[in-house]
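Student: Predicted model and sequence below, questions to follow.
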Amino acid sequence: FTDIRWHQTADVGYVPNGLLSNVFMASALDLADPMSPHYPVHYRDKGTVGQRISLAGLTVAYNQPGLVYQGPWPSTALIDPTKMTLRLIYDGGRLPITVRNKEGFEVCCSHNHTACPMDSDTFTAVNISQSDSISVTLTLAPCAGRYLLGMRYIWRESPCPYKQCAVYSVQNELPAPP
């Protein structure tokens, strides 16, 4: 499913974008429903999906001002090599976030500068060590003595239990996207 999600955005990673300017999606990554008879494709919580897609439609298709239809986006990444941490600031610090659990982030580290394909198994899970209303800090201990080459977030088929991914917007309770 990670490849499908990637290609749904024309390989950009988000929509709208320069190739898909009038496109919107509703995130359902946090609505895992392993008891659904159609798992993992069709979750039973259609109400939450409907609310999320209507919010996006009102914003993108109908240009309603003041609505935030996407979950928090990381805008700044600050590495502290002395503490071996990576701090991600969301939405320029303008919109508050909440952290529901400490899992979901992965890093790729190497002794050389070889790139990490996003679909590879060379990523190692790292947890949130600290958080505040605008950022999360990850411990980079698995990268000690190596180069940090990549990071990904909730890059799994069903990345978290029902409505329990790590990062959400306080304003609209939308999850941060992968």
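Tutor: Looks like it arrived, so ask away.
Student: From residue 163, how far off is residue 48?
Tutor: Distance of residue 48 to residue 163, given as C-beta to C-beta, to the nearest Å: 8 Å. Just so you know, the C-beta spots here come from the backbone N, C-alpha and C atoms, and that holds for glycine as well.
Student: Name the residues contacting each of these two.
Tutor: Here residue 48 and residue 163 have residue 31 as joint contacts, going by C-beta atoms under 8 Å, 6 or more residues apart in numbering.
Student: Compare the two and say which is more crowded by neighbours.
Tutor: Between residue 48 and residue 163, residue 48 has the larger neighbour count (other C-beta atoms under 10 Å), namely 18 against 14.
Student: which secondary structure element contains the more buried one?
Tutor: If you go by DSSP states H and E, residue 48 is part of helix 46-60.
Student: Can you list the buried residues in that helix?
Tutor: 48, 52, 53, 55, 56, 59, 60 (16 or more other C-beta atoms under 10 Å).
Student: Contacts only, for the fourth one.
Tutor: Residue 55 makes contacts with 26, 67, 69, 172, as judged by C-beta under 8 Å, 6+ apart.
Student: so which two of these are the farthest from each other?
Tutor: Taking C-beta to C-beta, the two most distant members of these are 26 and 67; they sit 13.3 Å apart.
Student: Have a look at the two and say which one is more surrounded.
Tutor: Neighbours were counted for residue 26 and for residue 67 using other C-beta under 10 Å; residue 26 has more, 18 against 14.
Student: per-residue confidence at that one?
Tutor: Reported pLDDT at residue 26 in the predicted model: 81.
Student: which residues does it contact?
Tutor: Going by C-beta under 8 Å, 6+ apart, residue 26 touches 49, 52, 53, 55, 56.
Student: from the chain's centre, how far out does stretch 113-128 sit?
Tutor: Distance, stretch centre to chain centre, for stretch 113-128: 15 Å (C-alpha atoms, centre = their mean, to the nearest Å).
Student: in that stretch, what counts as buried?
Tutor: By neighbour count on 16+ other C-beta under 10 Å, the buried set for stretch 113-128 is 116, 123, 126, 128.
Student: what do you get for stretch 129-139?
Tutor: Within stretch 129-139, the residues scored as buried using 16+ other C-beta under 10 Å are 129, 131, 134, 135, 136, 137, 138, 139.
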